[in-house]
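1. Quick one, fold the following:
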Amino acid sequence: MIKSDQRPLYLQVIDRIKQDIEDGAYETGERLPSEFQLSKQLGVSRATLREALRMLEDESIIIRRHGVGTFINSKPLFSSGIEELFSVTDMIKRGNKEPGTNFLSSSIEKPSEDDQRRFYDEQMDDMIVLERVRTADGEPVVYCLDKIPKHHLPDYVSHEEQSMFDQLEKNGNTITYAMTQIEPLGYHERVSEILACDPETALLVLKQMHYNEQEEPVLYSLNYFRADKFKFHVLRKRVY
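-> Below is the predicted model of the structure:
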């Protein structure tokens with residue numbers, strides 16, 4: 001039962017459910033009792049409970065599956081400030097996991113008009129196109145599609161290094177910043193299957209163009225992150 005204090009009841013319900021999760025009363029993926037059972041157990045109205053559950057869903061602490069029930073969501077394993085530029089390898093290491101790579105394909109292709117436009121190079125001849133799945137302790141967590149003008153990696157060998165950042169740096173192209181576009185995505189027919197996602201598991205897509213110290217575009221990447229494994233945040237400052 002909720003012990004009433006001065007705060008609104010729905011906030012107390014939120015704290016109680018969070019504490020129950022922390023104490024192990026509910027496991028990741030476990031279904032919560034029905035609204036009727038839970039409201040009776042906590043001693044609050046169903047309207048109060050629904051407001052608390054709505055806010056817990058907004059925080060991604062629970063997930064509602066229509067017609068099935070409400071479940072405890074898994075905690076993201078990796079968290080990073082989006083203003084900080086890390087390779088996927090470094091992000092996984094910072095989450096105290098062992099990074100790995102499953103190579104899907106590696107090829108030299110002729111650039112499309114879009115590619116030439118992205119890299120501001122109409123004379124570009126060849127482009128390295130690399131398709132990989134990044135793993136954390138053997139579990140697939142990120143699908144990566146990388147495009148690099150061949151002249152930036154003339155001696156490229158696909159399976160030697162895990163981090164493209166490292167390979168580029170060895171060839172005199174230290175990446176200093178990236179322009180990033182973030183898009184949420186639901187189930188993707190190919191990528192979700194590759195990453196062993198449940199149908200309810202969303203993806204976060206980062207489209208990034210990386211620049212070297214000379215402000216030349218050197219790497220374009222499409223990274224599909226499992227939204228249940230990764231969380232990105234940003235520090236925003238008020239401008240006066």
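
2. mind checking pLDDT for residue 5?
-> Note for residue 5: predicted pLDDT of 70.

3. err, residue 75, not the other one
-> Taking residue 75 on its own, its pLDDT is 68.

4. Checking my notes, residue 54 in a helix, right?
-> Yes - the assignment for residue 54 is a helix, going by DSSP: H, G, I helix; E, B strand; the rest coil.

5. neighbours around it, how many?
-> 12 (other C-beta atoms under 10 Å). All C-beta atoms are positioned from the backbone trio N, CA, C, and that covers glycine.

6. Next: residue 15.
-> Other residues within reach of residue 15, judged by other C-beta under 10 Å, total 14.

7. Give me the distance between it and residue 41.
-> 15 Å (C-beta to C-beta, to the nearest Å).

8. Same check on residue 109?
-> Residue 109 sits at a distance of 59 Å from residue 41 (criterion: C-beta to C-beta).

9. Can you give me the end-to-end span of stretch 91-110?
-> 31 Å (C-alpha to C-alpha, to the nearest Å).

10. Quick check: buried residues in it?
-> Neighbour-count burial for stretch 91-110 flags 91, 92, 95, 97, 99, 100, 101 (criterion: 16 or more other C-beta atoms under 10 Å).

11. same deal with stretch 107-120?
-> 111, 115, 116, 119.

12. how about the nearest residue to the last one, chain neighbours excluded?
-> Read it as residue 119. residue 217 (4.9 Å; C-beta to C-beta, 6 or more residues apart in numbering).

13. And the strands in the protein?
-> Applying DSSP state E to the chain gives strands spanning 62-65, 69-72, 78-81, 99-109, 127-136, 139-149, 175-185, 203-212, 217-226, 230-233.

14. now these in JSON lines, with distance to residue 195 and mean pLDDT?
-> Output for the strands of the chain, formatted as JSON lines (distance: least, C-beta to C-beta, whole Å; pLDDT from 0 to 100):
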{"stretch": "strand 62-65", "distance to residue 195": "17", "mean pLDDT": "84"}
{"stretch": "strand 69-72", "distance to residue 195": "19", "mean pLDDT": "88"}
{"stretch": "strand 78-81", "distance to residue 195": "14", "mean pLDDT": "66"}
{"stretch": "strand 99-109", "distance to residue 195": "11", "mean pLDDT": "91"}
{"stretch": "strand 127-136", "distance to residue 195": "7", "mean pLDDT": "93"}
{"stretch": "strand 139-149", "distance to residue 195": "5", "mean pLDDT": "94"}
{"stretch": "strand 175-185", "distance to residue 195": "12", "mean pLDDT": "92"}
{"stretch": "strand 203-212", "distance to residue 195": "8", "mean pLDDT": "94"}
{"stretch": "strand 217-226", "distance to residue 195": "6", "mean pLDDT": "94"}
{"stretch": "strand 230-233", "distance to residue 195": "11", "mean pLDDT": "79"}
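
15. Relative to residue 54, which of these is closest?
-> Among the strands of the chain, the nearest to residue 54 by C-beta to C-beta is strand 62-65 (9.2 Å).

16. Return the residues in contact with residue 14.
-> Going by C-beta atoms under 8 Å, 6 or more residues apart in numbering, residue 14 touches 52, 55, 56.

17. Any quick PyMOL command for the buried ones out of the residues you listed?
-> To isolate in PyMOL the members of the contacts of residue 14 that are buried, counting by 16+ other C-beta under 10 Å, one can use:
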select buried, resi 52+56
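
18. Closest one to residue 196 out of the contacts of residue 14, please.
-> residue 56 (25.7 Å).

19. so the closest one makes contact with residue 17?
-> Yes - counting by C-beta atoms under 8 Å, residue 56 touches residue 17, with 6.4 Å between them.

20. hey, what's in contact with both of those two?
-> residue 62.

21. wait, what's in contact with residue 100?
-> Counting by C-beta under 8 Å, 6+ apart, residue 100 touches 134, 135, 136, 138, 162.
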